[in-house]
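[1] Predicted model, plus sequence, below.
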Amino acid sequence: MYRAWEETNPAKRIALAHKALSTSANCADAYVLLAEEEAGTVGRALELYEQGVAAGERALGREYFKKGVGHFWEMIETRPYMRARDGLAHTLWRLNRRDEAAGHFQDMLRLNPDDNQGVRYSLLDLLLEMNRDDEAARLVKKYRDEWSSVWCYTRALLEYRKSSASDRARKALARAFEQNPHAPDYLIGKKRIPNRLPSLLGFGDENEAIDYAAKHLNHWRRTPGAVDWLAEQSRANTAAPRSRSDSPRRQKATPPSRGRSKKNKTRR
């Protein structure tokens, strides 16, 4: 599999994945590569991811799922299984089997609450899509120290959905403005979301705002009154004079996830 990952020729990569499986039927990563690069349909990809998850379970054995709960991924040998399960969840989502997908994401967070894979972002998006706002709010609360546009703006949106333009909603949105002042322009249509999304994101920068808006604009648009409220609050925030005490607070960044580096960048 290491040779397959290093190989640039697609046909050779696929051949090496098949060779890995001929060596060991428990090679979960081989199924993941085949699901991503050989499967001709979403249904076939689902089959391969399911086989990858089963292979990972066999390779680890039942004991791993008892002693490893809470720190999966730290145990390197669990990673092929976790990669296969992440692929399975996303494929179920593509097939509109959303409840099943959410169940997989939730269980992955149970196994690895530190969430090195960034599963919480996918789960939050999915819960919003399914209008499971209470569960989404609990997820936001679970990772309350998260300092990203996804978390801050979604917290504000959930508060608005719950109680309209309440003080709690306004405070949550003010915190979101503080985290990333660029996002409102893309959410209210003042700036156009580019067709090509940025490959690197930094906490609070414009690239992060673009990425957030591209992936979450629909949640705002289908919440009655939310975009108008956001536009109104954005104008008020822009017009309000800033004092030194109003300047953005320095926050400790969230632990690395979605590939974020020490420079608070992420590569897609």
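    Received, thanks. Numbers count the residues shown, from 1 in each chain.
[2] Quick check, pLDDT for Lys252.
    We have a pLDDT of 37 for Lys252.
[3] how about low-confidence regions in the stretch 101-250 of the chain?
    240-250 (pLDDT under 70).
[4] Okay, helices next: where are they in it?
    119-129, 133-142, 149-163, 167-179, 183-187, 206-221, 226-239 (DSSP state H, counting those that start in this stretch).
[5] Enumerate the positions of the last one that are buried.
    Of the residues in helix 226-239, those buried under the neighbour-count criterion (16 or more other Cβ atoms under 10 Å) are Ala226, Val227, Trp229, Leu230, Ala231, Gln233, Ser234, Asn237. All C-beta spots, glycine's among them, are computed from the backbone N, C-alpha and C.
[6] now the angle from it to helix 206-221?
    Interaxial angle of helix 226-239 relative to helix 206-221 (axes from the mean of the first three to the mean of the last three Cα atoms, to 10 degrees): 140 degrees.
[7] What residue spans form the domains of the protein?
    As given by automatic domain parsing, the domain ranges for the chain are 1-117, 131-268.
[8] would you list the helices of the stretch 101-250 of the chain in JSON lines and tack on distance to Ser24?
    Listed next are the helices of the stretch 101-250 of the chain as JSON lines, based on distance: least, Cβ to Cβ, whole Å:
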{"stretch": "helix 119-129", "distance to Ser24": "26"}
{"stretch": "helix 133-142", "distance to Ser24": "36"}
{"stretch": "helix 149-163", "distance to Ser24": "38"}
{"stretch": "helix 167-179", "distance to Ser24": "46"}
{"stretch": "helix 183-187", "distance to Ser24": "46"}
{"stretch": "helix 206-221", "distance to Ser24": "37"}
{"stretch": "helix 226-239", "distance to Ser24": "51"}
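[9] so which of those gets nearest Pro80?
    Closest to Pro80 of the helices of the stretch 101-250 of the chain, according to Cβ to Cβ: helix 119-129, at 15.7 Å.
[10] For the closest one, which outside residues touch it?
    The contact list for helix 119-129 (Cβ atoms under 8 Å, 6 or more residues apart in numbering) reads 86, 89-90, 93, 98, 101-102, 105-106, 108-109, 112, 133, 135-136, 139-140, 143, 146, 150, 154, 157, 215-216, 219, 257-258.
[11] Show me which of the residues you listed are buried.
    Buried subset of those (neighbour count, 16+ other Cβ under 10 Å): 86, 89-90, 93, 98, 101-102, 105-106, 108-109, 112, 135-136, 139-140, 143, 146, 150, 154, 157, 216, 219, 257-258.
[12] thought Ala101 was touching His90?
    Yes - judged on Cβ atoms under 8 Å, Ala101 makes contact with His90 at a distance of 7.1 Å.
[13] returning to that earlier point: I'd like the buried residues of helix 226-239 written out as CSV, with distance to Arg13 added.
    Below are the buried residues of helix 226-239 laid out as CSV (distance: Cβ to Cβ, whole Å):
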residue, distance to Arg13
Ala226, 44
Val227, 44
Trp229, 49
Leu230, 45
Ala231, 48
Gln233, 49
Ser234, 47
Asn237, 49
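[14] Thanks a lot, see you next time.
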